[in-house]
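1. Here's a sequence, model it:
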Amino acid sequence: MNLLADVVSYGDDTVTLRLPVDVRRVMLQREVRQCEVRLDDGRTISGEQRRKIYATIGDIARWSGDDPEWIKLCLKWRYCIAAEREEFSLSDTDMSTASDFLGYLIDFCLRWNVPCSDPLYERCEDIGRYIYRCVERRICAITGREGADIHHVDRVGRRKRAEICHIGMRVMPLCREWHDRVHAENEQQIYQDHHLEPIALDAYLGKRLQIGKYNIE
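-> This next block holds a predicted model:
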């Protein structure tokens, strides 16, 4: 259940909300103990966010051969179901929703290998989310090519990769060309030039990629 609430008061780590309906019965029946709070600061979608969203929808439409307006409606509908939220308009939605929807579109492009007119790292607003999906699917974060190497930013050194746990080690998915370049050139400068940030491997990624031990002992 998603509800829009009014903020009554707030402190350092406490917020009092007023809901538009009585939810006591639902909370008792389902034994609700936690809820998700999304803060809306009143800022609406920016022109840059709208441009990136429509450019990505256009790329997906060309890839699929469908009408862009139909693709927009279809993807918005699928996003709303996945995010469990109400319908929204790209003319006046809030910036947080616009950013999350853009991330959803970029995830779609990575999942289905949709060719895009701009590098996706230039469009995304959550670089950590983008890198995570690239690692998950072994896609080069710079070129978008499949079959990327998982470059260890935190060096393995002389240790045997198959015998150590890689959870927590920072990595970057790179095609062979860029993998060689980060070893031969200024690695940090390359990341800075492309607005990239390495991410730490978690248990899910370690197991999916079969990189060394993925259980912490």
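
2. From Val26, how far off is the residue positioned nearest the centre of the chain?
-> Centroid check for the chain by CA atoms, centre = their mean gives Arg129 as the closest residue, at 3.0 Å. According to CB to CB, to the nearest Å, Arg129 and Val26 sit 31 Å apart. C-beta coordinates here come from the backbone N, C-alpha and C atoms, glycine included.

3. Glu177 too?
-> 55 Å.

4. Using the centroid of the chain, identify the residue furthest from it.
-> Distance-from-mean max, the chain, by CA atoms, centre = their mean: Arg25 at 34.8 Å.

5. for that residue, helix, strand, or coil?
-> Three-state assignment for Arg25 (DSSP: H, G, I helix; E, B strand; the rest coil): helix.

6. same deal with the one 4 residues further on?
-> Judged by three-state DSSP, the three-state class of Gln29 is helix.

7. separation between it and Glu84?
-> 18 Å.

8. And Leu19, by the same measure?
-> 16 Å.

9. Also Glu197?
-> Taken as CB to CB, the span from Glu197 to Glu84 is 29 Å.

10. Comparing the two, which residue is more hemmed in?
-> When Glu197 and Glu84 are compared for neighbours, Glu197 comes out ahead with 14 against 9, by other CB atoms under 10 Å.

11. Please identify the nearest residue in space to that one, excluding sequence neighbours.
-> Leaving aside its chain neighbours, Glu197 sits nearest to Ile127 (5.3 Å; criterion: CB to CB, 6 or more residues apart in numbering).

12. buried residues in whichever strand or helix holds Ser96?
-> Taking DSSP states H and E as the criterion, Ser96 maps to helix 95-112. Across helix 95-112, burial judged by 16 or more other CB atoms under 10 Å covers 95, 97-110.

13. now swap in stretch 112-130 and tell me
-> Buried, per 16+ other CB under 10 Å, within stretch 112-130: Val114, Cys116, Leu120, Tyr121, Arg123, Cys124, Glu125, Arg129, Tyr130.
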